[in-house]
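**Student:** Give me a 3D structure for the following:
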Amino acid sequence: MWYTYLLQCTHGLYCGITIDVNRREIEHNTPSKQALSVRMLGTPAVMVYCEEHPDRKSAAKREYAIKQLKATKKRELITTELNVIHKFK
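**Tutor:** Sure thing, here's the model as predicted:
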């Protein structure tokens, strides 16, 4: 199973894909493993949205689609039924 996720950072939202949501959130908050974009957006980075996909290709397509959305639409995703973040908290 693959996941498309959104992190709430100090200065905005970050979107990515992973197979391990918990590990990825920890990595985003570990300075030596942070992506440049997360460093620029600031920590702490908190996982606020996650949706499941059967394979990497569909997760990557969804990541691209989410990255094309305006910030207001990304924030709306957090409250939708697609958000399965409760499975990981």
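
**Student:** list the contacts for the nearest residue to residue 28 once chain neighbours are set aside?
**Tutor:** Closest residue to residue 28 apart from its sequence neighbours, by C-beta to C-beta, 6 or more residues apart in numbering: residue 45 at 4.2 Å. In short, each C-beta sits where N, CA and C put it, glycine included. Taking C-beta atoms under 8 Å, 6 or more residues apart in numbering, we find residue 45 in contact with 7-9, 14, 25, 28-29, 38.

**Student:** Ok, residue 43 next?
**Tutor:** Under the criterion of C-beta under 8 Å, 6+ apart, the contact partners of residue 43 comprise 9-10, 28-29, 34.

**Student:** right, and residue 82 touches residue 53 too?
**Tutor:** No. Shown here, residue 82 and residue 53 do not form a contact pair, counting by C-beta atoms under 8 Å, at 10.7 Å.

**Student:** which strands and helices sit next to the worst-scoring helix or strand of the chain on mean pLDDT?
**Tutor:** Lowest on mean pLDDT, DSSP states H and E among the helices and strands of the chain sits helix 36-41, with a mean of 77. Under the contact criterion of 3 or more C-beta pairs under 8 Å, 6 or more residues apart in numbering; DSSP states H and E, the helices and strands touching helix 36-41 comprise strand 2-9, strand 12-18.

**Student:** ok, residue 58 - contacts?
**Tutor:** Residue 58 makes contact with residue 2 under the criterion C-beta under 8 Å, 6+ apart.

**Student:** got the angle between the one helix or strand it maps to and strand 12-18?
**Tutor:** Taking DSSP states H and E as the definition, residue 58 sits inside helix 56-67. Comparing the axes of helix 56-67 and strand 12-18 via axes from the mean of the first three to the mean of the last three C-alpha atoms, to 10 degrees yields an angle of 170 degrees.

**Student:** So which bits of helix 56-67 are buried?
**Tutor:** Taking 16 or more other C-beta atoms under 10 Å as the neighbour-count basis, helix 56-67 is seen to contain the buried residues 59, 62-63, 66.
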